[in-house]
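Peer 1: Model the following, please.
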Amino acid sequence: MPKADTPTIGRVVHYVSYGTPNGEYEPLHRAAIVTAVYSDAADGGDVALCVLNPTGVFFNEHVRRDNNFAGGTWHWPERI
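Peer 2: Numbers count the residues shown, from 1 in each chain. Predicted structure coming up:
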């Protein structure tokens with residue numbers, strides 16, 4: 001059985017967008033659904049995501065986990 005913090009297919013996570021190079025748009029957190037899990041995902045490795053944006057969806061493979069919220073990464077949703 002996977003640990004509670006191990007990503008599995010169908011789980012909701014946050015994807016951090018890159019923003020723009022000149023800062024016109026800041027990186028934003030977007031809801032994403034895990035669509036594939038690669039072998040090292042439990043150790044912060046890659047997953048594939050379906051990212052949900054207000055204007056549509058996109059798919060991204062081999063996305064790394066980063067709890068520092070770097071652009072182009074995923075993390076577990078913050079609890080408020």
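
Peer 1: The chain: strands as residue ranges?
Peer 2: Under the criterion DSSP state E, strands of the chain are mapped to 12-16, 29-37, 47-53, 56-63, 74-75.

Peer 1: and those, which is most packed in?
Peer 2: strand 74-75 (a mean of 21; mean count of other CB atoms under 10 Å). (C-beta placed from N, C-alpha, C; glycine too.)

Peer 1: Dump the strands of the chain to a markdown table, plus mean pLDDT and distance to N22.
Peer 2: As requested, these are exported to a markdown table (pLDDT from 0 to 100; distance: least, CB to CB, whole Å):
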| stretch | mean pLDDT | distance to N22 |
| --- | --- | --- |
| strand 12-16 | 97 | 18 |
| strand 29-37 | 97 | 21 |
| strand 47-53 | 97 | 21 |
| strand 56-63 | 96 | 22 |
| strand 74-75 | 95 | 25 |
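
Peer 1: can you put those in TSV and add distance to D5?
Peer 2: As requested, the strands of the chain are arranged in TSV below (distance: least, CB to CB, whole Å):
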stretch	distance to D5
strand 12-16	11
strand 29-37	13
strand 47-53	13
strand 56-63	16
strand 74-75	11
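
Peer 1: Out of the ones you listed, flag the one nearest G23.
Peer 2: Proximity to G23 (CB to CB) singles out strand 12-16 among these, at 15.2 Å.

Peer 1: got the contact list for F69?
Peer 2: With contact set as CB atoms under 8 Å, 6 or more residues apart in numbering, F69 has these partners: V16, P27, H29, H75.

Peer 1: meant to ask about Y38
Peer 2: Contact analysis of Y38 by CB under 8 Å, 6+ apart lists G45, D46, V47, A48, H62.
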